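In: Have a look at this prediction, sequence included:
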Amino acid sequence: MRKIIVYELLSLDGVAENPDSFFADWDDAMDANLAAVIATQDAVILGRRSYAEWAQFWPSSEIEPFATFINGVAKYVATSTPLDRDWANTSAIDGGLIDFVREFKQEGGGDVGVHASISVAQSLLAADVVDELRLVIAPKIAGRGRRLFDGLPSIHLETIRSEMSPTGSLLVDYRVVRLVM
């Protein structure tokens, strides 16, 4: 069974929107962390806005290791409108996001990444279909912006790994613990 892995860049106060505003320094440990996250993924789910922004940027980017990964991986976009840009290996999700993810998890294959798409990550967390959170937390309080965890129900997490990068960012991996009632 596939795992759904949410990878997000956050400020210390949980803001996920516009991470370039709170990540001033990117270091080798953060690169290695990202490389480890994407090494197990053979598919990515994006929201409509992330897709629109990324389809303009990543096809011509030379920022590695992510450019090669995101341009080659199968990308599924949660949208109710037709995709307006061509980007290799991309298709719109047919039907509802949660049903798609529940079915997709049952298929064979690698992990499925959710990158940058705040609304998609929130919907999947609320529906209890996320298996792991991989967070990179900047040593900065953003003060404003969309927060990843706003509006979510209580979710029990188990820390899998934590590390501090040389520039002070926290690299934290959590497993979602499903409590048996």
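Out: Thanks, I have the structure now.
In: show me what contacts the nearest residue to residue 81 once chain neighbours are set aside?
Out: Nearest in space to residue 81, with sequence neighbours left out and distances taken as C-beta to C-beta, 6 or more residues apart in numbering, is residue 48 at 7.2 Å. Yep, even glycine has a C-beta here, placed from its N, CA and C like the rest. Taking C-beta atoms under 8 Å, 6 or more residues apart in numbering, we find residue 48 in contact with 77, 78, 79, 81.
In: Quick check on the residues you listed: which are buried?
Out: The neighbour count (16 or more other C-beta atoms under 10 Å) marks 77, 78, 79 as buried among those.
In: Name the SS class of the first one, please.
Out: So that's residue 77. Assigned by DSSP: H, G, I helix; E, B strand; the rest coil, the conformation of residue 77 is strand.
In: what's near enough to touch it?
Out: Residues in contact with residue 77, defined by C-beta under 8 Å, 6+ apart, are 45, 46, 47, 48, 51, 83, 90, 91, 92, 93.
In: How about it: what's its closest non-neighbour residue?
Out: If you skip the residues right next to it in sequence, residue 77 has residue 51 as its closest partner in space, 4.6 Å away by C-beta to C-beta, 6+ apart.
In: so for the host helix or strand of the one you found, what's the average pLDDT?
Out: Assessed by DSSP states H and E, residue 51 sits inside helix 48-57. Within the predicted structure, the mean pLDDT of helix 48-57 is 94.
In: what's across from residue 90 in the sheet?
Out: On the basis of DSSP bridges, residue 90 is bridged to residue 75.
In: Please read off the pLDDT at it from the model.
Out: 96.
In: pretty sure it contacts residue 75?
Out: Yes - Residue 90 is in contact with residue 75 according to C-beta atoms under 8 Å; the separation is 4.3 Å.
In: The two - which one has more neighbours?
Out: Just comparing residue 90 and residue 75: by other C-beta atoms under 10 Å the higher neighbour count belongs to residue 75, 25 against 18.
In: How much space separates the more buried one from residue 44?
Out: Taking C-beta to C-beta, to the nearest Å as the criterion, residue 75 is separated from residue 44 by 5 Å.
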